[in-house]
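>>> need coordinates for the below:
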Amino acid sequence: MIVFRALSLLLLTTFIGGSAGNTAGPAQMEPARVAPGEIGSRLPEFAVKDLRGRKLSSADLRGKVVLIDFWGTWCQPCKKEMPGYQKLMDRYGPKGLVVIGFKLNVMPDTEPPLGFARRLGVRYPLVAVGDDLSQKFGGIEGLPTTLLYDRHGVLRWKIIGFEYTSVVEGEVKRIL
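Take a look at the predicted model:
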């Protein structure tokens, strides 16, 4: 009977007080990690040159709301979205919005990318990216893909496929 009580007391203190090997309290626990490209993930570190030869890095984006658009010259929905993103940049750039277009090289271009952008009226930075950079964003499942990061570099909104500018604007305004 004494052995049974001692064993019961030992089990009870282990469950209530925790084991000696796990002494971290709630304040010491690590936050859950979120996979790249998932809501709540961080803007990945990168340093690139845009299609005009200007340097651009994630460090330049700190404190900004960042809209990243993955696109291709052959992508019809991309052609519809990009002029709207330029309008958002024009309207909300002074309030801290930055728009960047990441051109995926998964298929041959249907026209020179800078001519394509000029024809659409797009003036925000455009960067040709390979698989290495797109993987930092969790991989791209389809085009267009739009990612919206808050001023702390946290992914707050993601859409794969075409979305109307008015819907994207609502998300931008909410985050600004």
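
>>> which stretches of the chain form strands?
47-49, 55-57, 65-71, 97-104, 126-129, 145-149, 155-160 (DSSP state E).

>>> what residues does stretch 87-98 touch?
61, 63-67, 99, 123-124, 151, 165, 168-169, 172-173, 176 (C-beta atoms under 8 Å, 6 or more residues apart in numbering). From N, CA and C alone the C-beta is placed, and that goes for glycine too.

>>> tell me which two of these sit farthest apart.
Based on C-beta to C-beta, the longest span within the contacts of stretch 87-98 runs between 63 and 165 and measures 24.4 Å.

>>> between the two, which one's more packed in?
Using other C-beta atoms under 10 Å, the more surrounded residue of residue 63 and residue 165 is residue 165, with 17 against 9.

>>> surely that one touches residue 80?
No - assessed by C-beta atoms under 8 Å, residue 165 is found out of contact with residue 80, at 9.1 Å.

>>> report the buried residues of stretch 73-89.
73, 75, 78, 79, 81, 82, 84, 85, 86, 88, 89 (16 or more other C-beta atoms under 10 Å).

>>> rounded mean pLDDT for it, please.
For stretch 73-89, the mean pLDDT works out to 97.
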